[in-house]
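Enquirer: I would like to see how this sequence folds:
(4 chains)
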There are 2 protein chains.
Amino acid sequence: MELTPRVTIRDVAQRAGVSVATVSKVINGRYGVSAATAAHVQAVIRQVGYEASLVAQSLRNHRTNVIGILVADLEPFSTELLKGAADGIRDSGFELVVYSAGGRATDHEGWERRYLSRLSGTLIDGAILVTPTVVDVSHGSPVVAVDPHAGSTELPTVDSDNLKGARLAVEYLLGLGHRRIAMLTGRPDLQSVQLREDGYRQAMAAAGIPVTEDLVRVGGFEADQAARAARELLTAEDPPTAVFAANDVSAIVTVTAAAQLGLRVPADLSVVGFDNVPESVLCVPPLTTVEQPIHEMGRLATRMLIKLIRGEPVDRPHVTLDTKLIVRQSSAAPPARSN
Amino acid sequence: MELTPRVTIRDVAQRAGVSVATVSKVINGRYGVSAATAAHVQAVIRQVGYEASLVAQSLRNHRTNVIGILVADLEPFSTELLKGAADGIRDSGFELVVYSAGGRATDHEGWERRYLSRLSGTLIDGAILVTPTVVDVSHGSPVVAVDPHAGSTELPTVDSDNLKGARLAVEYLLGLGHRRIAMLTGRPDLQSVQLREDGYRQAMAAAGIPVTEDLVRVGGFEADQAARAARELLTAEDPPTAVFAANDVSAIVTVTAAAQLGLRVPADLSVVGFDNVPESVLCVPPLTTVEQPIHEMGRLATRMLIKLIRGEPVDRPHVTLDTKLIVRQSSAAPPARSN
DNA sequence: ATGAAAGCGCTAACAC
DNA sequence: GTGTTAGCGCTTTCAT
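Expert: Next comes the predicted model:
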């Protein structure tokens, strides 16, 4: 497969009959090269289709005009965020590179630290960390976190009002008449997940309904685990009439699990998700969910990062965007009591 | 912002009181290091949180275990493909890096050649080109194209049956009774777009309906341009009763344009898209569209690429997946003639 | 078992 | 105006 071994700056220099330094100067538009030589070198470059190696370049320079986005996996939430980031970067002169840890459970914890170590200082001028597990990173280049790990952080951060969103969802279910409302939580290390659970507990407490521990299960944001947890919830002794899932993927999985158990959604079971990813509408029935402005979060995070890279001041280092409830067809009043 | 300047192999060596060569050997598990030194070096590495620079490493080595996916922009189609690619890569030992050209219109043409030149041989072991404009790339590393530029290519390719899909869509509209069916085409350089237009023309011809050139407009897959083209179509002398758009984004834009012009979809105008990206269901009304198995295309492309990188044989170098029509609510019989 | 040194492709001082 | 040289962080002979 190694057909063309790669044309280097040396090849160009040789072919043009000049030194590599001259070629480099031409490439970078530096002074100190005659118009004639420059033109000639340009011609040769075009002829052989030469492009400087990003790797070699960024080993030398320390500015690359590339922004890295580090995601644990490419799933609906993160890809939605990418679209926003792509927006935020338009006409900024920066390019976007996305690194996916590939969702591998092993060596998951701390992936962002490893990637950052491997990349920063070279290859990227700054990074956006999406749902990072670790935030005490103090590397060479600026970093912005989106929906980070629990605990306060020094890092500039973009997130959304998870507490409010969760409360809205549960209050809505309570308003429909539900009393046995279960929660399927997500990755326990994320602050957002903690807040969503807090919102659930607060809303339940405000309604005077005790949350017994059999009502809360960890789905981990991951399809298999969430499916198992959902089945546990739905086949329990005294099953819930509604499930609030910590994200849309878990909610969709819950709807599927319900169908497999012969439960009709929303007649027998109401399900509410969180995120409002495009997939939530593909769900049958379309999912009632809490919207967080994922696209905007991605856009804001890149704008912040670009400011940081340029050394400009950032107005607010921690931005929290609003959430709101989107009612669709996966929720309804609970079934009439048979007992 | 340059807090910690980056800890290099030299720092580790110094701190451990050994040479860089020894540290390198420890990192890469090479022979020729006493157990004691190895352990000590490991300890220091952990202590200072050292991670080898990907850039420096790949400048030396030529194997990186990283696959690059090159996309023109991060929009619904490409992000959907990324999810599939992420699937295809699981448990393969490879990592995924996505490069987005950022959708910049300038220097758009040929971006894939430039990126490939800048990256291959270093940093990535192979690449997936998504909707590339150029396919005569013969670089060091293996390449797989997804939905490439027009014209046959030597490159291993994954695409879908665009001709059939388009015919299905237009035949469906004809079956509903539509006669004035317009087409909003996409990026003219893509073979898939050409085939979708061919399908449209074939179906129209088979029904004995001439396609006058005022019925065909170029939307370019890009929201602004598509909106303009859609308005042109809908405000023409003798406007169409149905629009077949070459992708979902253009179709959604058409629905919006129709609404702004006071046209009801589907009562006054039917719209059919292509792709079946998740966003097509978010459209109001939900979009009738042609499904291509984007996720699977991404998965297949990565599997193919991994085989190529490993030097294994690839059964079929050109895979074409099936397409099918998904009927939703943006299409209906044409309005009764008023004249 | 360990280290010195060369070199991957490139850029930036500093000669000439 | 142009070339020589050093060095970015790393791996790999090849001495020792």
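Enquirer: what are the ranges of the strands in the stretch 201-339 of chain A?
Expert: A:216-218, A:242-245, A:270-275, A:288-291, A:318-321, A:324-326 (DSSP state E, counting those that start in this stretch).
Enquirer: JSON lines for those, including distance to residue B:237?
Expert: Where you see a C-beta, it was placed from the backbone N, CA and C, and this is true even at glycine. Converted to JSON lines, those look like this (distance: least, Cβ to Cβ, whole Å):
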{"stretch": "strand A:216-218", "distance to residue B:237": "62"}
{"stretch": "strand A:242-245", "distance to residue B:237": "52"}
{"stretch": "strand A:270-275", "distance to residue B:237": "46"}
{"stretch": "strand A:288-291", "distance to residue B:237": "42"}
{"stretch": "strand A:318-321", "distance to residue B:237": "46"}
{"stretch": "strand A:324-326", "distance to residue B:237": "41"}
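Enquirer: and of those strands, who's closest to residue A:40?
Expert: Nearest to residue A:40, of all the strands of the stretch 201-339 of chain A, is strand A:318-321, at 51.5 Å by Cβ to Cβ.
Enquirer: residues in contact with that closest one?
Expert: A:156, A:157, A:158, A:159, A:160, A:161, A:292, A:293, A:296, A:297, A:300, A:304 (Cβ atoms under 8 Å, 6 or more residues apart in numbering or on different chains).
Enquirer: if you set the cut-off to 6 Å instead, what comes out?
Expert: A:157, A:158, A:159, A:160, A:161, A:293, A:300 (Cβ atoms under 6 Å, 6 or more residues apart in numbering or on different chains).
Enquirer: restricted to strands, list the residues you listed.
Expert: The members of the contacts of strand A:318-321 that map onto strands under DSSP state E are A:157, A:158, A:159, A:160.
Enquirer: list the buried residues of stretch A:250-262.
Expert: Using 16 or more other Cβ atoms under 10 Å in any protein chain shown as the test for burial, stretch A:250-262 gives A:250, A:251, A:252, A:253, A:254, A:255, A:256, A:257, A:258.
Enquirer: related to what we said a few turns ago, could you dump the strands of the stretch 201-339 of chain A to CSV with mean pLDDT?
Expert: Formatted as CSV, these follow (pLDDT from 0 to 100):
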stretch, mean pLDDT
strand A:216-218, 97
strand A:242-245, 98
strand A:270-275, 98
strand A:288-291, 98
strand A:318-321, 95
strand A:324-326, 98
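Enquirer: who wins for most neighbours among the ones in strands among the contacts of strand A:318-321?
Expert: Neighbour counts for the ones in strands among the contacts of strand A:318-321 (other Cβ atoms under 10 Å in any protein chain shown) peak at residue A:158, which has 29 neighbours.
Enquirer: could you tell me which residues of the stretch 1-150 of chain A lie near DNA strand C?
Expert: A:6, A:8-10, A:20-21, A:23-25, A:27-28, A:30, A:32, A:52-53, A:56-57, A:59-61 (Cβ under 7 Å from any atom of the strand).
Enquirer: repeat that with 10 Å
Expert: A:5-13, A:19-32, A:50-63, A:122 (Cβ under 10 Å from any atom of the strand).
Enquirer: just the buried residues out of those, in ChimeraX syntax.
Expert: Applying 16+ other Cβ under 10 Å to these leaves a buried subset, and the ChimeraX line that selects it is:
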select /A:6,7,8,9,11,12,13,22,23,24,25,26,27,50,51,52,53,54,55,56,57,58,59,122
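Enquirer: of the residues of the stretch 1-150 of chain A next to DNA strand C, which ones also sit close to DNA strand D?
Expert: A:13, A:19-26, A:30-32, A:55-62, A:122.
Enquirer: what about the residues you listed, which are in helices?
Expert: Judged by DSSP state H, these include A:13, A:20-26, A:55-60 as members of helices.
Enquirer: residue B:206: which of those is nearest?
Expert: residue A:55 (53.4 Å).
Enquirer: what's the lowest-mean-pLDDT helix or strand in chain A packed up against?
Expert: In chain A, no helix or strand scores lower on mean pLDDT, DSSP states H and E than helix A:111-119, which sits at a mean of 83. Here helix A:111-119 touches strand A:66-71, going by 3 or more Cβ pairs under 6 Å, 6 or more residues apart in numbering or on different chains; DSSP states H and E.
Enquirer: recalculate using a threshold of 8 Å.
Expert: Contact partners of helix A:111-119 among helices and strands, from 3 or more Cβ pairs under 8 Å, 6 or more residues apart in numbering or on different chains; DSSP states H and E: strand A:66-71, strand A:126-130, helix B:54-60.
Enquirer: okay, the ones you listed in TSV with distance to residue A:273 next?
Expert: Output for those, formatted as TSV (distance: least, Cβ to Cβ, whole Å):
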stretch	distance to residue A:273
strand A:66-71	20
strand A:126-130	19
helix B:54-60	36
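Enquirer: can you list the ones you listed in a markdown table and add mean pLDDT?
Expert: Formatted as a markdown table, the helices and strands packed on helix A:111-119 follow (pLDDT from 0 to 100):
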| stretch | mean pLDDT |
| --- | --- |
| strand A:66-71 | 92 |
| strand A:126-130 | 93 |
| helix B:54-60 | 90 |
